[in-house]
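Undergrad: Below are the sequence and a predicted model; questions follow.
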Amino acid sequence: MSDTYHGKTASAVPDPRKAECFVFTSCNYDPSQGEARLCYRFDDGPELVERIVFPHAPWPPEASRQAAFRRALEILHLLAGISYYKAGFSPRIRVESTSLGASMERFLHELYVQGLGEYGYVNGLDVASRIRFPSADAGAAPSPHELVLPERALVAMGGGKDSLVGLELMRGAGVEVLPCCVGQSELIAQTVKAAGLPLLQIRRELAPELGAMNRAGAWNGHVPVTAINSAILLCASILYGFRYIVFSNERSSDEATLVGPDGSAINHQYSKSSAFEGAFREVIASEVSPDLEYFSVLRPFAELGVVKRFSALDRFHSVYSSCNRNFHLDGPRLEGRWCMDCPKCRFAALCLALFMDPPEVAAIMGGDLLDDPGQEEGFRALCRLGRDKPFECVGEAGESRAALRELGHRDEWAEHAVVRALLPELASVETPALDELLRPSVRHFLPESLAARLDLGGYSDEGG
């Protein structure tokens, strides 16, 4: 069998579901090309090689930065492997590229179990009992390195509201910023252009055999992409010289998407959660450098609070999109930024309506989902009104309920079909107060010196 993936021809590959062992074989970096190679295999099968290209990346002259980068690359190798491991779901894992200390073994186990929770649920696989990384090698954990880096921020960009609000918060704090994305999305490029800034686009090229495996029926499903991108930006921060690695994940991502039959929480957004953020920060500080700061600048906010801020950033309204159907590793489909029939589009419509009138929302999205009776079931799922919350990056069910209840009391929205149909159902469920949802939280991982300069609106630095 041969197939084409990312423009390359894949040789015949075995069925990874029959493999007994998934192997992390090696990782290396070519400074002259700015290219990292992450290598894996199933049993003794063909090597699967992923390439990450850091454009125009200088090779740091300091030995400490070189050593820190090599460890960051090993961590990226371990995290990116989840994209390949899930194709076979092998009962054994072997790591040949590095030794694992006890803390790294625990971190990887939690990431793979939680990050593949949705994958396991959808495919009927018991992930928790299968994932077994090699026993920790006593004393294997490397020592962190002292780094001297300027106070500037590498800011992860999507094409949606969250990263734009995060970017503007960092700029408002007087921090030098460089927007960065993984992939070649023209949609992201357009949003950053509207911000008047350059964009660093890091290329991630998956092993061509993975596409062939997927099309031949390998196990497939959701993986924690934000975790992988976090590790890529960790490497980039060391190469390019940035102290801050900034994501824009809000507190709403901590809510479980659903609870499985065994009582375990399954969170589609695990790698956007504060649990992952805290764990990855510990890995960076203990094994790479305590002088790097990885954090989400939006952690104090719920989704509704983010949208409230975004509603005032009107220069971005015509170029952004929260619809994931526009995003691909190779680039976007730009014929219509909104598909108008997915959970992300519905949630965006519900949130925007709180801060804009119907014509303004329709101008952004190209239509009025809240006045479409055919969308009622989708909005019911967002509100958990007898339906499971969808496996998507959307806000808490309580936020959707609070927004819907508020719209029901506004003349310009109350007679819209979805609002009129679902409002009575809120009487039988718990709905939080809108004011509480809009109030910033004090739980965060923001560096203390930076938090005082950020315009968080009523926020006080009491958390940690």
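TA: Structure's in. What do you need? Numbers count the residues shown, from 1 in each chain.
Undergrad: so what's the closest residue to R132 other than its chain neighbours bridging to?
TA: The shortest distance from R132 to any non-neighbouring residue, by CB to CB, 6 or more residues apart in numbering, is to I93 (6.3 Å). No exception for glycine: its C-beta is placed from N, CA and C like everyone else's. Beta-bridge partners of I93, counted by DSSP bridges, are F22.
Undergrad: I93 reaches F133, doesn't it?
TA: Yes: in this structure I93 lies within contact range of F133 using CB atoms under 8 Å: 5.5 Å.
Undergrad: which ones are touching T257?
TA: E118, I266, N267, H268, Q269, D388, K389, P390, F391 (CB atoms under 8 Å, 6 or more residues apart in numbering).
Undergrad: how about those residues in CSV, adding neighbour count, distance to Q66 and pLDDT?
TA: Formatted as CSV, the contacts of T257 follow (neighbours: other CB atoms under 10 Å; distance: CB to CB, whole Å; pLDDT from 0 to 100):
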residue, neighbour count, distance to Q66, pLDDT
E118, 23, 37, 95
I266, 21, 40, 92
N267, 22, 36, 94
H268, 22, 37, 94
Q269, 22, 34, 95
D388, 12, 48, 88
K389, 20, 45, 91
P390, 18, 44, 86
F391, 18, 40, 89
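Undergrad: For those, which two are the farthest from each other?
TA: For the contacts of T257, the maximum inter-member distance is 14.8 Å, found between Q269 and D388 (CB to CB).
Undergrad: For stretch 364-372, give me every contacting residue.
TA: So stretch 364-372 is contacted by 317-318, 336-338, 340, 345-346, 348-350, 352-353, 356, 358, 361-362, 375, 379, 407, 413, 416-419 (CB under 8 Å, 6+ apart).
Undergrad: Give the buried residues for it.
TA: For stretch 364-372, a neighbour-count test (16 or more other CB atoms under 10 Å) marks I364, M365, D368, L369, L370, D371, D372 as buried.
Undergrad: Repeat that for stretch 272-282.
TA: K272, S273, S274, F276, E277, A279, F280, R281.
Undergrad: mind listing what the nearest residue to C180 once chain neighbours are set aside touches?
TA: Using CB to CB, 6+ apart and skipping residues adjacent in sequence, the residue nearest C180 is L200, 4.3 Å away. By CB under 8 Å, 6+ apart, the contact set of L200 is P55, L154, L178, P179, C180, C181, A236, Y240.
Undergrad: Please repeat the previous calculation with a cut-off of 7 Å.
TA: When contacts are counted by CB atoms under 7 Å, 6 or more residues apart in numbering, L200 is found next to L178, P179, C180.
Undergrad: In its sheet, which strands sit next to the helix or strand containing the second one, and in what direction?
TA: Assigning secondary structure by DSSP states H and E places P179 in strand 176-182. Pairing partners of strand 176-182, with direction, according to DSSP bridges: strand 152-156 (parallel), strand 200-205 (parallel).
Undergrad: So what touches the lengthiest helix in the chain?
TA: Secondary structure of the chain per DSSP state H: the longest helix is helix 63-80. With contact meaning CB under 7 Å, 6+ apart, helix 63-80 is reached by 24, 27, 29, 36, 38, 50, 60, 97-98, 108, 111, 142, 145-147, 227-228, 231-232, 234-235, 238-239, 283, 287-289.
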